[in-house]
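Student: Can you look at this prediction? I've put the sequence above it.
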Amino acid sequence: MSVWVKTHTLPNPHTHTLGLRAKPALFYADMNAKEISDIRSRALAEAESAKTAEALETVRIRYLGRKGLLQDVMKGLKDVDPAERAEVGREANALKKNLDTLLRQRKSALDQSGSGAPLGFDPTLPGAWREPGTPHPVSRVIEDCVSIFARLGFTVAEGPDIETRYHNFEALNTPAHHPSLDALDTFWLDTGACLRTQTSPVQIRVMESVAPPVRVVTPGRCYRRDTTDATHSANFHQIEGLYVERGPVSLADLKSLLAYFAREMMGSHTDVRFRPHFFPFTEPSVECDFTCHVCGGRGCRVCKFSGWIEIAGAGMVDPRVFRKVGYDPETVSGYAWGMGVERIAMVKYGIQDIRTLYENDARFLAQFG
Ligand code: DAH
């Protein structure tokens, strides 16, 4: 009986235990089923309103933990009035079961919604990889050409895309009546300048700024009013070369240089041939063909069964061009050449249609990585 008296002189155990501290089992000797049921409702409400995994854990520890309220209830059960004891025990078990279930459900709901999950994502899933890019075939050809000529002592020079009529035509000994000056062939700007039709004007700019000797290659964009089809584009790339010496240089030097380039670029069995041609800024002028790298010169569809593929225009720099830039043609000589970058890329990589080089379809471009 002393137990009863004692418990009644102490503050209500349930309200107190709901603050975090556990109370001695003695305090629960006077508990009844209704009180346990009330505790259960409060515990469930607390679990329901917990917003984080930590808050849920706090609720669990408070009620179900080793020093939690349910432990005290269980310990105090033996002191409960035997008439009430079974009912109190049932309620206590219901509290344990219901709260446990609810805590688990709330935990997994929180995990799924992300908040409170330890990482917020599944680290075992494969990542969303961004594939590394590959050099564009046009860039690759330019880089390959530049590095081959760099081994022979050539440096790189670049000029403007918007060019003067003088640099693009006149200084290159192109007469005013030449068809390439026609409004229908060239993009003319209101200022009288044009979008360069070739990289050859960079030769002029280089010679205007340095004294011989000169060894440069000049890659860059060119523009012509061509209707786009499988082999033409209004915007394309060329790589130009210029070699000038104080002293005699011959067509044989040009030929050996292009033969070396052909083997390095297209493979060791590649041969070159020169065909006479005309360019206003070279005399004599040639077109340079490489043996077809697909059939080795026997003839196939790629080379239109000729065994040869046209790659470059070239020649010995015309004395009139030297005079325009203030070089003395009596003491200097040199050769120059120009090649279409897309043409080389198409031949080398077996690309059928020039337009695929500009469409930026990653599936197409990835083949040349
Ligand atoms: N510029 C010429 C073209 O676009 C190619 C060319 C031919 C460049 C002969 C040269 C050269 O430097 O010497 O067709």
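Tutor: Nice, thanks for sending it over. From a predicted model like this one, the values you see are computed outputs, not experimental measurements. Numbering: from 1, shown residues only.

Student: is it true that residue 217 touches residue 147?
Tutor: No. Under the criterion of CB atoms under 8 Å, residue 217 is not in contact with residue 147, lying 10.2 Å apart. (Glycine included, C-beta is placed from N, CA and C.)

Student: With adjacent residues omitted, what lies nearest to the closest residue to the ligand within the stretch 1-150 of the chain?
Tutor: At 13.4 Å from the ligand, residue 149 is the closest residue in the stretch 1-150 of the chain, using CB to the nearest ligand atom. Among residues not flanking residue 149 along the chain, residue 217 sits closest, at 4.7 Å (CB to CB, 6 or more residues apart in numbering).

Student: element containing that neighbour, please.
Tutor: strand 214-223 (DSSP states H and E).

Student: thinking again about what came up before, what is the burial count for the residue of the stretch 1-150 of the chain closest to the ligand?
Tutor: 22 (other CB atoms under 10 Å).

Student: re the thing from before, more neighbours, residue 217 and residue 147?
Tutor: With neighbours defined as other CB under 10 Å, residue 217 and residue 147 compare such that residue 217 has more, 24 against 10.

Student: and the more buried one, what does it touch?
Tutor: 145-146, 149, 154-157, 239-242 (CB atoms under 8 Å, 6 or more residues apart in numbering).

Student: Would you check how far apart residue 331 and the ligand are?
Tutor: According to CB to the nearest ligand atom, to the nearest Å, residue 331 and the ligand sit 20 Å apart.

Student: same deal with residue 348?
Tutor: Taking CB to the nearest ligand atom, one finds residue 348 at 19 Å from the ligand.

Student: Residue 175 now?
Tutor: Taking CB to the nearest ligand atom, one finds residue 175 at 15 Å from the ligand.

Student: cool, residue 278 as well?
Tutor: 10 Å.

Student: Return every residue with contacts to both of residue 217 and residue 147.
Tutor: In contact with both residue 217 and residue 147: no residue, using CB under 8 Å, 6+ apart.

Student: Surely residue 140 touches residue 369?
Tutor: No. Using CB under 8 Å, residue 140 is not in contact with residue 369, being 9.4 Å away.

Student: Comparing those two, which residue is more hemmed in?
Tutor: More neighbours surround residue 140 than the other of residue 140 and residue 369, with 18 against 10 (other CB under 10 Å).

Student: ok so, going back, of all the residues in the strand holding residue 217, which ones are buried?
Tutor: Buried residues in strand 214-223, counting neighbours by 16 or more other CB atoms under 10 Å, are found at 214-220, 222-223.

Student: Show me which residues of this structure sit near the ligand.
Tutor: 198, 200, 240, 279, 282, 313-315, 336-338 (CB under 6 Å from any ligand atom).

Student: what about the closest residue to the ligand within the stretch 51-200 of the chain, neighbour count?
Tutor: Residue of the stretch 51-200 of the chain nearest the ligand, by CB to the nearest ligand atom: residue 198 (3.6 Å). For residue 198, the neighbour count with other CB under 10 Å is 23.

Student: Flag the shaky bits of the stretch 51-200 of the chain, pLDDT-wise.
Tutor: Confidence mapping of the stretch 51-200 of the chain against pLDDT under 70 gives the ranges 114-119, 183.

Student: before we move on, which element is the residue of the stretch 1-150 of the chain closest to the ligand in?
Tutor: helix 137-151.

Student: Sketch out the strands for the stretch 151-300 of the chain, chain order is fine.
Tutor: 155-156, 162-163, 194-195, 214-223, 235-246, 272-279, 282-291 (DSSP state E, counting those that start in this stretch).
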